[in-house]
Structures are given as structure tokens and as C-alpha cells.
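Trainee: how does the following fold in three dimensions:
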Amino acid sequence: MTQEYVINVSNVTKQFKAYADKGTMLKERVIFAKRNQYEIREILRGISFQIPKGQAVGLIGKNGCGKSTILKMLTRILKPNSGEVFVQGRVSSLIELGAGFHPDMSGRENIYINATIFGLKKEEITMRLPEIIRFSELEEFIDNPVRTYSSGMYMRLAFAVAINVNAEVLLIDEILAVGDAGFQKKCFQRLREIKEQGTTIVIVSHSMEQMYGICDRLIWIEDGLIKEDGLPKPVAMHYLDFMEDERLIKLNKESREQFQDERRHSILALTTNVHPDARRDGTQEVYFTKIRLFNKQNQECQNFDTGDKVILKMAYKSNLVHPRVNFNMDFVKDNWQYCYGCCFAKAGDELPILQGCGEVSLVIDALMLLPGKYYLDVGINGAAGELYDNVRNIMQITVRDYAHDEFGPCTFAHQWRM
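Mentor: Have a look, this model is predicted:
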């Protein structure tokens, strides 16, 4: 192996024995022999990748795909069934919260124990002790037994030790999900500093925002193999699209038996490809009869590129005599983040009067949403704020344009100058 790579994982496989109910005593194993039956589960099926010095790499994939198994092999906690795992230099890891801590010892004593495991001598630990305590923000509790610590305090202490051992390789497994927002921000700032100093970082997280902030590269693990390896944004987008599609397939399957509900039927009649999460409420005194999205070719569509023309057409019917109403729509991310919304009549405008039935259209000349999946919400309100009809998540639109080197839900016209 050349020295340019700090980590080299070559054609690695890993299997585990999955027991149905393994007996722990000899008597149980003899009497209940059938309980000792097991099946072989192949977690990794020939994984290969290399990481150069100073690069931050994120491992993504659904639960059980083998991300944590890879980290444990990099720390030498586990050995592969076949293939080779090479890691050069001192390794510091945050894989299991509080691993290596003795519950009856104080935080100070556990710093010495934990740092010794990472390879530091007592003199080195003593020299770094004030900085470890300062970073952990546990000065008031440092001489208390760690069994009295909360999970957040455990994480603070473990992280403070791990980043102060001058490791060449830092491995992190979801541990940063614990702790308050202020400390998380400080941790990520410290990780960026460590990365700039040349430390190689491998992190497992389900938070794409964390990955965007730290990683130079993402590796997507699926069914024991590498499905995609590349720049964070496109790999994350493909992964999130894949996971959402799988969720919808499962949700559609589970929802088929629930379509007998009368209100559910009323949603299904509104448009093609109704999203399984669609919900409807309101008095229905004025209500939608059809909701459709069109592209610039006037074709019914739910897939767009950033900057595309989008036409929303909403047919309605009124059971009231000449009501004054307002129409509204929103684009919402799947984490309930509102990205854009507007109303037919703005504050102070005179509301339109409906004549039985008709159609209202909204033309968006350029859809400035960045790539991702978005829900469409639509509603009808009365002059006094009455909720006549409200349909949330009526459909999901997919915005695709992986050429955009921007982040967040939307884009702005801009120019860089120097």
C-alpha cells in the first residue's frame, strides 16, 4: 500500500451469527438444543475504499447497512471475515457513549483512564487535563462519579478527551446527536479545526446538515455494498430520494386498506398520484374539486428542475351564496420546514367573490427551490378566517438539478465578484 492513504479498506466482508434464542447455561444448551440454531447474516459483501490524510468522510445508509461495523473494524474492535483493513497512525474514536468510563470513578479519573486507552502517557494527560476539562464545561462536576452524569455530560467528557489526544484518525458514530445546541456547535467548530490540522475524520450520522458541514466526501452503503461514493451534496440527494421512495412504497402498501374512509376518497379524487401522507380538513362549504400541477409545456407534472415554470390549477365548488374567499398554497419540506407560500389576495386586498364553481390558477415563472422533495399544501379560507378546505401534503414534487452548487431550500440570483 502507498503511504498517501491513511485508511485502506480492501474487499472486506463481515458476517454475524444471528441466534433466535441462544442459551447462556450449559443446561439450557442441552435441554433446549433448538434454541442454539442460528442464521448467518452477511453485513458487508466486499467493501473497498481509501481515504487520504486530512480528508473528512461520512458514511451514510439506513440502519443495519454496516456503517458502525466499518467503524468498529477501523478501531480494531472487530475483524473482517475476509479482506484487509489498514489504518495508519493513532486512532481516537467516539463509537459508544461512555465506552471505557468506570461509573464509580470521577470524571477526572476517567479522563486519565480514557486517554491512556488512546495511547497517552500520564505526563501528557496531566498537561492536557485543564484543556479537556475546559472544553467539556464540566468544571463543577469533574470530581463527581460519572454514574451521576446525564447522557449529555457523558458525551461532553468523551468528546473532550477524544479530540485532545492528537490522533491522526478520528472516528465518530452518531455521538454528536447528544447534547445541547450550543455544545454541538462548539464540537463542529472543533472538528473543522482538527480537520484543518490534518486529522483524518470518518463520521457516521443520519443528519445531512452535519455531513455538509464537515465532510469532503460521502460513502453510501446499501445492502452490504458501496452504492455511491462522491461529493456530499449529490450523494446525499440521491440517498434521500431513495429513502423517500422506499418510504412511500411501504406507506402506500399500508394505506390501501384505509382508503375506505370517505374523506380519504375525497382526497384521492382531487389529483393523480396523491401522496399517502395527504390530510384534509375544513367545513367543506367551499371545497376543491381538482388540484393539478403543470410544466411549461402544459403537461401535468410533479417533477421539475430549479428555475422551471410551474402552473398550479385549483378547481373549486361552493355550497354558499357568493362567498368571499382567499386561496393559499405552500411548499413544505418533509421536515415541516415552510419554504414558500402565498395567497390569492394579500392583506388589505378585496377578496374575490365566488360564483358557484370555477378554477383559480397560480403561475410561478421560475421555481427557485433547490433540489429535493417538497409537499404541496392548498387551502381556502373565508373573509373572517373560516377554514373551508385545507389539504396538506396533497402531492409531492421533486426538484432535480444537481448542477447547482448551493445549499438550503431555495436559490437567489447572485454574482460573485473579486
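
Trainee: where along the stretch 151-300 of the chain do the strands fall?
Mentor: 169-173, 200-204, 217-222, 225-230, 279-281, 286-294 (DSSP state E, counting those that start in this stretch).

Trainee: of these, which is nearest residue 42?
Mentor: Comparison of those against residue 42 by CB to CB identifies strand 225-230 as nearest, at 10.5 Å. Where you see a C-beta, it was placed from the backbone N, CA and C, and this is true even at glycine.

Trainee: could you give me the average pLDDT of the closest one?
Mentor: Averaged across strand 225-230, the pLDDT comes to 94.

Trainee: same check, this time on stretch 46-54
Mentor: 94.

Trainee: distance from that stretch to the middle of the chain?
Mentor: Computed by CA atoms, centre = their mean, to the nearest Å, the chain-centroid distance of stretch 46-54 equals 23 Å.

Trainee: okay, it in PDB with CA atoms only?
Mentor: Provided in PDB are the C-alpha atoms of stretch 46-54 (Å, rounded to 0.1, in the frame of the first residue of the first chain):
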ATOM      1  CA  GLY A  46     -16.800  -6.800  -0.400                       C
ATOM      2  CA  ILE A  47     -16.400  -3.200   0.600                       C
ATOM      3  CA  SER A  48     -13.300  -1.300  -0.700                       C
ATOM      4  CA  PHE A  49     -12.400   2.400  -0.300                       C
ATOM      5  CA  GLN A  50      -9.300   4.500   0.500                       C
ATOM      6  CA  ILE A  51      -9.100   7.800   2.500                       C
ATOM      7  CA  PRO A  52      -6.100  10.200   2.100                       C
ATOM      8  CA  LYS A  53      -4.700  12.100   5.000                       C
ATOM      9  CA  GLY A  54      -6.700  15.100   6.200                       C
END
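
Trainee: give me the buried positions along that stretch.
Mentor: 47, 49-51, 53-54 (16 or more other CB atoms under 10 Å).

Trainee: so which of these are in helices?
Mentor: Judged by DSSP state H, these include no members of helices.

Trainee: before we move on, the earlier item: out of the strands of the stretch 151-300 of the chain, which gets nearest to residue 152?
Mentor: strand 169-173 (16.0 Å).

Trainee: so which elements touch the closest one?
Mentor: helix 67-74, strand 91-94, strand 200-204 (3 or more CB pairs under 8 Å, 6 or more residues apart in numbering; DSSP states H and E).

Trainee: give me the buried positions along the helix or strand following the second one.
Mentor: Following the chain from strand 91-94 toward its C-terminal end, the next helix or strand by DSSP states H and E is helix 107-117. Judged by neighbour count (16+ other CB under 10 Å), helix 107-117 contains these buried residues: 107-112, 114-115.

Trainee: helix or strand for the residue of the chain positioned farthest from its centre, just tell me which one.
Mentor: The C-alpha centroid of the chain is most remote from residue 321, which lies 48.4 Å away (CA atoms, centre = their mean). Counting by DSSP H and E, no helix or strand carries residue 321.

Trainee: just send the strands of the stretch 151-300 of the chain back as JSON lines, with mean neighbour count and distance to residue 88 too.
Mentor: Below are these laid out as JSON lines (neighbours: other CB atoms under 10 Å; distance: least, CB to CB, whole Å):
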{"stretch": "strand 169-173", "mean neighbour count": "23", "distance to residue 88": "8"}
{"stretch": "strand 200-204", "mean neighbour count": "24", "distance to residue 88": "9"}
{"stretch": "strand 217-222", "mean neighbour count": "21", "distance to residue 88": "18"}
{"stretch": "strand 225-230", "mean neighbour count": "15", "distance to residue 88": "20"}
{"stretch": "strand 279-281", "mean neighbour count": "15", "distance to residue 88": "54"}
{"stretch": "strand 286-294", "mean neighbour count": "19", "distance to residue 88": "53"}
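
Trainee: nearest to residue 146, of those?
Mentor: So among the strands of the stretch 151-300 of the chain, strand 169-173 is nearest, using CB to CB, at 19.8 Å.

Trainee: can you list the strands that that closest one pairs with?
Mentor: As defined by DSSP bridges, the strand partners of strand 169-173 come to strand 91-94 (parallel), strand 200-204 (parallel).

Trainee: how far off centre is stretch 200-218?
Mentor: In terms of CA atoms, centre = their mean, the centre of stretch 200-218 is set 11 Å apart from its chain centre.

Trainee: let me know the average pLDDT across that stretch.
Mentor: Mean per-residue pLDDT for stretch 200-218: 87.

Trainee: next, the distance between the ends of it.
Mentor: In stretch 200-218, first residue to last residue: 14 Å (CA to CA, to the nearest Å).

Trainee: check contacts around residue 279.
Mentor: Shown in contact with residue 279 (CB atoms under 8 Å, 6 or more residues apart in numbering): 267, 391-393.

Trainee: quick check: residue 407 touching residue 212?
Mentor: Yes: Residue 407 is within contact range of residue 212, at 6.4 Å (criterion: CB atoms under 8 Å).

Trainee: any common contacting residues for those two?
Mentor: Counting by CB under 8 Å, 6+ apart, the residues touching both residue 407 and residue 212 are residue 233.

Trainee: still on that earlier bit, with respect to residue 247, which of the strands of the stretch 151-300 of the chain lies nearest?
Mentor: Of all the strands of the stretch 151-300 of the chain, strand 217-222 comes closest under CB to CB, at 14.9 Å.
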